[in-house]
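K.L.:
sequence-free structure coming up:
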């Protein structure tokens, strides 16, 4: 897994996987085993939530994924009402709402409340971004105004297979791109540095030797 290689090379403090770790709920046991073997290479906190390809419905692939076998450093955020993970050693608080049903009524950040302000506050959202003034009938929407209202230190966005800066009103919000994307698209991950003086700084990291277009 190129993302694990990059995490090890960059010596990151935590890894965030914002949905679609698996391409579908029909993946076979060897693919699940391979994913777990890759994640087991890490020792840092690795936070995973579900996406539209691997949502937590009755046929969810996650019913067959024994994360514990890959190590206690993996945290699966599976609460459809939203839950918070606090990593005291990193002064990091992570909130995510698991995606169960990818439909127009699903709101990925609904129910979010800010935590202790002395922690870095990060939100994960597998969502379809809607800029101000636009309308959409797509599923799992997150509007520009919702991002602005979060007031978090960083919003990690999943779903779109391209890098995009959706930051608004001082809230840094980014899609990272798809680590396995091909066909002329630059495969990438986001390296996020949280700094007391400057806030969140995001660097786009190439995977598998790719370079930006």
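P.N.:
Sure, I can see it. As the structure is a computational prediction, the values presented were derived from the model and not from experiment. Numbering: from 1, shown residues only.
K.L.:
how close does residue 146 sit to residue 17?
P.N.:
Distance of residue 146 to residue 17, given as Cβ to Cβ, to the nearest Å: 22 Å. All C-beta atoms are positioned from the backbone trio N, CA, C, and that covers glycine.
K.L.:
same deal with residue 115?
P.N.:
Relative to residue 17, and taking Cβ to Cβ, residue 115 is found at 21 Å.
K.L.:
Could you report the neighbour count for residue 115?
P.N.:
16 (other Cβ atoms under 10 Å).
K.L.:
now it, nearest residue through space, not along the chain?
P.N.:
Nearest non-adjacent residue to residue 115, counting by Cβ to Cβ, 6 or more residues apart in numbering: residue 93, 4.3 Å away.
K.L.:
This structure: helices as residue ranges?
P.N.:
2-10, 29-39, 144-150 (DSSP state H).
K.L.:
on contacts alone, who are the packing partners of the second one?
P.N.:
The contact analysis (3 or more Cβ pairs under 8 Å, 6 or more residues apart in numbering; DSSP states H and E) places helix 29-39 against no helix or strand.
K.L.:
in it, what's buried?
P.N.:
For helix 29-39, burial by neighbour count (16 or more other Cβ atoms under 10 Å) applies to 32, 35-36, 39.
K.L.:
Now tell me what touches it from outside.
P.N.:
1, 4, 21-22, 46, 61, 64-67, 69-71, 74 (Cβ atoms under 8 Å, 6 or more residues apart in numbering).
K.L.:
so who does residue 20 touch?
P.N.:
Residue 20 neighbours (Cβ under 8 Å, 6+ apart): 51-54, 126, 158-159.
K.L.:
That one and residue 200, how far apart?
P.N.:
23 Å.
K.L.:
Among the contacts of residue 20, which lie within strands?
P.N.:
126, 158 (DSSP state E).
K.L.:
Show me which pair in the contacts of residue 20 is furthest apart.
P.N.:
54 and 159 (11.8 Å; Cβ to Cβ).
K.L.:
tell me, what's touching the two both at once?
P.N.:
Here residue 54 and residue 159 have 19-20 as joint contacts, going by Cβ under 8 Å, 6+ apart.
K.L.:
So, low pLDDT: which residues of the chain?
P.N.:
180-185, 209-213 (pLDDT under 70).
K.L.:
Sketch out the strands for it, chain order is fine.
P.N.:
15-18, 46-49, 74-77, 83-87, 92-96, 120-126, 128-130, 141-143, 154-158, 163-165, 173-176, 188-195, 199-206.
K.L.:
The fourth one pairs with which strands, parallel or anti?
P.N.:
Looking back up the chat, that one is strand 83-87. Take DSSP bridges as the rule and strand 83-87 pairs in its sheet with strand 92-96 (antiparallel).
K.L.:
And the first one, by the same measure?
P.N.:
Note on strand 15-18: by DSSP bridges, its sheet partners are strand 46-49 (parallel).
K.L.:
Which residues belonging to the partner strand are considered buried?
P.N.:
46-49.
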